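Asks: What would the 3D arrangement of this be:
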Amino acid sequence: MKTLLLPTYFPSISHFAAMIQADKIVFEVEDNFQKQTNRNRAYIYSPNGIQLLNIPVKHSKNIHQKTKEILIDSDFDWQKQHFKSLEAAYRSSPFFEYFVDDFAPIFEKKHTYLLDLNLAIFELLTKCLRIKLDFTTTTEYFHEVDSTLINDYRFLANGKKDSSTFTPYQQVFDDKHGFINNLSVLDLIFNEGKFTLDYAKNQPLLLQQK
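Replies: Coordinates of the predicted model:
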């Protein structure tokens, strides 16, 4: 069965689990861009609690702009800021040193389009975790799809619609702020390392209620 997903910036754990549990991944690339979603956002566990990492994008005057047409605003050095935030959040985590050199290039290469960056991150995650996940992309947009053929997890890109709850694991600052649920998969990787895949495979996923 196919799983329909939106490419996002270092996907949430629910989003990553949907990828890992999918028979076939289909990325939605014909959707209209929506602000305040994980298309250009990720959430990490900082020393002060949950922290938003936001990619600045250039907005068109058009009311509707497709996500695949969204340009990254490189006037602000967001990559340097995001990488510094990751260091502050995870340098004392068990697997930060193991993975940081693999992730560093993402914060150095300049991408023009948000979609290209998000797909590059997907490829990087599969490489770092040594898994093979093939995907196809949509050629037209459908608001609703046949649920007997496709698991529609596009809503996972919008944290407000994602009510997923997962088994707690050890986090760097959980002695200060407790367990924070469903952060970016980076939180899981830096804390759980090679156990990331087993964790993602065994977490329950809920389809959006109509």
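Asks: What separation do you get for the residue of the chain positioned farthest from its centre and Gln21?
Replies: Most distant from the centre of the chain: Lys61, at 27.0 Å, with distances by CA atoms, centre = their mean. As judged by CB to CB, to the nearest Å, Lys61 and Gln21 stand 40 Å apart. Backbone N, C-alpha and C define where each C-beta goes, glycine included.
Asks: got it, and Pro94?
Replies: Shown here: Pro94 relative to Gln21, a distance of 25 Å by CB to CB.
Asks: In terms of packing, which of these two has more residues around it?
Replies: Here Pro94 and Gln21 are compared on neighbour count by other CB atoms under 10 Å; more neighbours surround Gln21, at 16 against 13.
Asks: ok, back up a step: where does the residue farthest from the centre of the chain land in three-state SS?
Replies: On the three-state scheme (DSSP: H, G, I helix; E, B strand; the rest coil), Lys61 is labelled coil.
Asks: Just the pLDDT for it.
Replies: The predicted structure scores Lys61 at 76 on the pLDDT scale.
Asks: One more: the one 3 residues further on?
Replies: On the pLDDT scale, His64 is placed at 84.
Asks: Could you check how far it is from Leu133?
Replies: Separation of His64 from Leu133 (CB to CB) stands at 30 Å.
Asks: And the two? Which one has more around it.
Replies: When His64 is set against Leu133 and neighbours are counted by other CB under 10 Å, the residue ahead is Leu133, at 14 against 8.
Asks: leaving aside the residues next to it on the chain, what's closest to the more buried one?
Replies: Distances taken as CB to CB, 6 or more residues apart in numbering put Thr126 closest to Leu133, at 5.1 Å, once the chain neighbours are dropped.
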